[in-house]
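1. got a predicted structure here, sequence first:
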Amino acid sequence: MARKDPSQKEKHLVYMASGGFCAFPSCKKKLVENATDVDDAAIIGQLAHIVADSRQGPRGGENLDDSDRAKSPNLLLLCSPHHTIVDSQVQTYSVGVLRQMKADHESWVEKTLSKEEKGALEEFIAYL
């Protein structure tokens with residue numbers, strides 16, 4: 001099966017729910033650099049699949065319909081080093097661990113970010 005990239009909508013949903021921060025516990029690195037006077041904003045985060053987009057990828061053998069592999073419930077926003085770690089250490093970072101990591105992070109975002117911060121992130125994501 002050919003790789004199916006997440007749609008813009010699915011990417012936006014993940015960035016919004018993640019608040020633009022790495023979901024890895026204790027990291028919380030900001031993954032969106034604001035625009036400067038001379039350059040556009042930069043996205044430095046990476047979307048990681050909880051269950052790989054292909055059956056041969058990390059955790060790809062898990063039971064998940066192919067059509068759901070590129071959707072937001074199966075995607076996690078991570079910084080580059082943590083994306084590498086979770087895809088290299090698949091026994092430690094199992095599907096269950098990553099789903100819990102995503103749920104915990106999104107709960108933290110909901111409790112932590114103010115309405116103004118969420119609004120600013122939403123405007124930025126819509127700009128993309």
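-> Thanks, I have the structure now.

2. every contact and neighbour count from this point should use C-alpha atoms.
-> Noted.

3. what about the longest helix in this protein?
-> In the chain, taking DSSP state H as the definition, the longest helix is helix 95-112.

4. okay, buried residues for it please.
-> Buried residues in helix 95-112, defined by neighbour count with 16 or more other CA atoms under 10 Å: Val95, Leu98, Arg99, Met101, Lys102, Ala103, His105, Glu106, Val109.

5. burial count for the closest residue to the third one other than its chain neighbours?
-> Translated: Arg99. Excluding its sequence neighbours, the residue lying closest to Arg99 (CA to CA, 6 or more residues apart in numbering) is Ile50, at 7.1 Å. Neighbour count of Ile50, defined by other CA atoms under 10 Å: 27.

6. isn't Ile50 right up against Gly61?
-> No. With contact defined as CA atoms under 8 Å, Ile50 does not reach Gly61; the gap is 11.3 Å.

7. mind checking how far the residue nearest the centre of the chain is from Arg55?
-> Closest to where the C-alpha atoms of the chain average out (CA atoms, centre = their mean) is Leu77, at 1.9 Å. According to CA to CA, to the nearest Å, Leu77 stands 21 Å off from Arg55.
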